[in-house]
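Participant: Build the 3D model from these lines:
(chains A and B)
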Amino acid sequence: EAGVAQSPRYKIIEKRQSVAFWCNPISGHATLYWYQQILGQGPKLLIQFQNNGVVDDSQLPKDRFSAERLKGVDSTLKIQPAKLEDSAVYLCASSLGGRVGNEQFFGPGTRLTVL
Amino acid sequence: AQKVTQAQTEISVVEKEDVTLDCVYETRDTTYYLFWYKQPPSGELVFLIRRNSFDEQNEISGRYSWNFQKSTSSFNFTITASQVVDSAVYFCALSEATGNQFYFGTGTSLTVIP
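Facilitator: Numbers count the residues shown, from 1 in each chain, chains lettered A, B, ... in the order given. Next up, the predicted model:
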């Protein structure tokens, strides 16, 4: 079974530029999550999708971050414009459904450096 | 308030020693799940174990074991006979019934010295 795929693996941009990350979840997984992991910290949820609908985006900085999951499969997370404090690893995860207790399977992450 | 606390920031052990990673959680839900994930240098979080709030039975799975105690809100994880490949950051996480997001601790960096 293929795991969660993410691209790119690394991205370096200058502040005020835009960047987009892509995620392809495990086949059949209805729930998709985007996390931000700042160095030395645990992952923090940014947004959760159930199929193509947003379940929770309470911690997404909506003035600069946006995400979509068209057709309920792949997802894209965008930052526009980027700030220095956005430097982090962006992790995508998926799970079978929204039921509490389902383990989440994580992708390798995209390491973003904002200069 | 931090829902999941991992007080140990870094731990170093010599290969073949046993090591216990501590996790303390906070929740008002009666139904919840606790997880341990491993994050090796490659960066990908790997699921290790899961426990629900109604099952306090402690188990052993290979070199891994866990001690879940609701009375102290703790969910500690033990690696027996540690190996160099166990070197990673370990995260404890909580999932509550009132939502489905995971609350991660700040992680414990484990280094196993050969």
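
Participant: May I see the buried residues of stretch A:85-100?
Facilitator: Across stretch A:85-100, burial judged by 16 or more other Cβ atoms under 10 Å in any protein chain shown covers A:86, A:87, A:88, A:89, A:90, A:91, A:92, A:93, A:94, A:95, A:100. Every residue, glycine included, has its C-beta placed from N, CA and C.

Participant: If we check chain B, which of those are in contact?
Facilitator: A:89, A:91, A:93, A:100 (Cβ under 8 Å from any Cβ of the partner chain).

Participant: Could you single out the nearest of the residues you listed to residue A:6?
Facilitator: Comparing these against residue A:6 with Cβ to Cβ places residue A:91 closest, at 7.8 Å.

Participant: Quick check: the closest one touching residue A:43?
Facilitator: Yes - with contact defined as Cβ atoms under 8 Å, residue A:91 reaches residue A:43; the gap is 5.6 Å.

Participant: Of all pairs in the buried residues of stretch A:85-100, which one is the farthest apart?
Facilitator: Maximum pairwise distance among the buried residues of stretch A:85-100 (Cβ to Cβ): 32.2 Å, between A:87 and A:100.

Participant: Surely residue A:15 is in contact with residue A:84?
Facilitator: Yes - judged on Cβ under 8 Å, residue A:15 makes contact with residue A:84 at a distance of 5.7 Å.

Participant: anything in the worst-scoring helix or strand of chain B on mean pLDDT sitting right up against chain A?
Facilitator: None of the helices or strands of chain B scores lower by mean pLDDT, DSSP states H and E than strand B:60-61, at a mean of 78. No - Strand B:60-61 stays out of contact with chain A when judged by Cβ under 8 Å from any Cβ, the minimum separation being 14.3 Å.

Participant: To what extent is the residue in chain A that chain B sits nearest to buried, counted in neighbours?
Facilitator: Using Cβ to the nearest Cβ, the single residue of chain A nearest to chain B is residue A:42, 3.2 Å away. Residue neighbour count, defined by other Cβ atoms under 10 Å in any protein chain shown, stands at 23 for residue A:42.

Participant: same deal with residue B:16?
Facilitator: Neighbours of residue B:16 (other Cβ under 10 Å): 11.

Participant: I'd like to know which of the buried residues of stretch A:85-100 are part of helices.
Facilitator: Secondary structure from DSSP state H places none of the buried residues of stretch A:85-100 in helices.

Participant: how about these in a markdown table, adding pLDDT and distance to residue B:81?
Facilitator: As requested, the buried residues of stretch A:85-100 are arranged in a markdown table below (pLDDT from 0 to 100; distance: Cβ to Cβ, whole Å):
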| residue | pLDDT | distance to residue B:81 |
| --- | --- | --- |
| A:86 | 97 | 41 |
| A:87 | 97 | 38 |
| A:88 | 97 | 35 |
| A:89 | 97 | 31 |
| A:90 | 98 | 35 |
| A:91 | 97 | 30 |
| A:92 | 97 | 34 |
| A:93 | 95 | 30 |
| A:94 | 94 | 33 |
| A:95 | 91 | 32 |
| A:100 | 71 | 34 |
